[in-house]
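Engineer: show me the folded form of this:
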Amino acid sequence: MAKPIIAITGPQKGARVPRWLVAFAIKLYGGTPLQLYPDDASQNPYFDGVVITGGHDVEPVLYAAEPEVEANYDAARDAFEIKMIEQALAQNSPILGICRGAQLLNICYGGRLLQQLKNKRHKTSHRWTILPLKTLCLEPPGLIPTLFAWQKTKINSLHNQAIDQLGNGLVITSRDLDHLIQSIEDPAKPFVIGTQWHPEFLLYQKPQRQLFQQLIQQASKQRNLE
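Structural biologist: Coordinates of the predicted model:
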């Protein structure tokens with residue numbers, strides 16, 4: 001049986017460590033990682049699932065808003081990853097959006113973002129860290145509450161923006177102690193999940209690894225249906 005091909009998107013340059021960690025997790029559960037970059041937009045590569053990784057803030061024009069902060073936007077990456085999400089949704093392939101990827105997924109469903117979180121955090125830290133810091137508050141049902149239900153979970157935090165208005169058809173499956181959205185899912189799809197945190201930096205925790213395991217399992221099912 002052929003291994004499912006999982007596309008990993010990211011910036012044209014940099015972000016090697018998180019991309020490598022995502023590829024490691026995909027290989028661990030029997031998938032074949034395919035690293036893609038904005039310059040690959042015209043190639044229409046084949047894939048059975050996709051991971052949209054973290055990075056630059058998403059440009060507010062994509063949800064019809066004026067910029068509220070100065071940020072280094074990456075319009076080419078935004079356009080490329082929106083195309084990847086739309087293709088994955090059209091072919092019913094599993095999607096895992098990480099941090100910026102979750103935000104972009106929400107925009108593709110018609111949602112909006114918070115551009116500045118400093119005034120939103122009262123019970124959680126502003127500190128950026130790849131280590132588990134914030135308490136994950138689950139909101140069942142959904143895959144995230146199922147995977148993480150057996151233990152109190154701390155998550156990392158590396159973001160300026162966050163999901164504000166939820167996209168059409170999506171549901172919230174977890175928040176932090178400031179009620180900022182930490183994960184979203186599309187219950188009408190087999191596997192469409194966005195996490196505000198970075199599971200690739202927490203692979204030593206079983207539930208974080210299982211996110212990638214579930215992605216591969218769903219991609220394998222989808223491939224065998226074709």
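Engineer: start and end of stretch 167-182, how far apart?
Structural biologist: Across stretch 167-182, the terminal residues are separated by 14 Å (C-alpha to C-alpha, to the nearest Å).
Engineer: same thing with stretch 186-205?
Structural biologist: 24 Å.
Engineer: now that stretch: buried residues?
Structural biologist: Of the residues in stretch 186-205, 186, 189, 191-203, 205 count as buried by neighbour count, 16 or more other C-beta atoms under 10 Å. The C-beta positions use only the backbone N, C-alpha and C, and glycine is treated the same way.
Engineer: can you give me the end-to-end span of stretch 179-195?
Structural biologist: With C-alpha to C-alpha as the measure, the first residue of stretch 179-195 is 14 Å from its last.
Engineer: how distant is it from the center of its chain?
Structural biologist: A distance of 9 Å separates the centroid of the chain from that of stretch 179-195, by C-alpha atoms, centre = their mean, to the nearest Å.
Engineer: please apply the same query to stretch 39-53.
Structural biologist: Offset of stretch 39-53 from its chain centre (C-alpha atoms, centre = their mean): 15 Å.
Engineer: just the CA atoms of it, as CSV, please.
Structural biologist: Coordinates of each C-alpha in stretch 39-53 appear next as CSV, following Å, rounded to 0.1, in the frame of the first residue of the first chain:
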residue,chain,number,x,y,z
ASP,A,39,7.3,29.3,-5.4
ASP,A,40,5.7,25.9,-5.9
ALA,A,41,2.2,27.5,-6.3
SER,A,42,2.0,26.9,-10.1
GLN,A,43,3.0,23.3,-10.0
ASN,A,44,-0.3,21.8,-8.6
PRO,A,45,1.5,19.0,-6.7
TYR,A,46,-0.4,15.8,-5.7
PHE,A,47,-1.0,15.3,-1.9
ASP,A,48,-3.3,13.3,0.4
GLY,A,49,-3.2,15.7,3.3
VAL,A,50,-1.7,19.0,4.3
VAL,A,51,-0.1,20.7,7.3
ILE,A,52,-0.1,24.5,7.2
THR,A,53,2.7,25.6,9.5
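Engineer: good, we can wrap up now.
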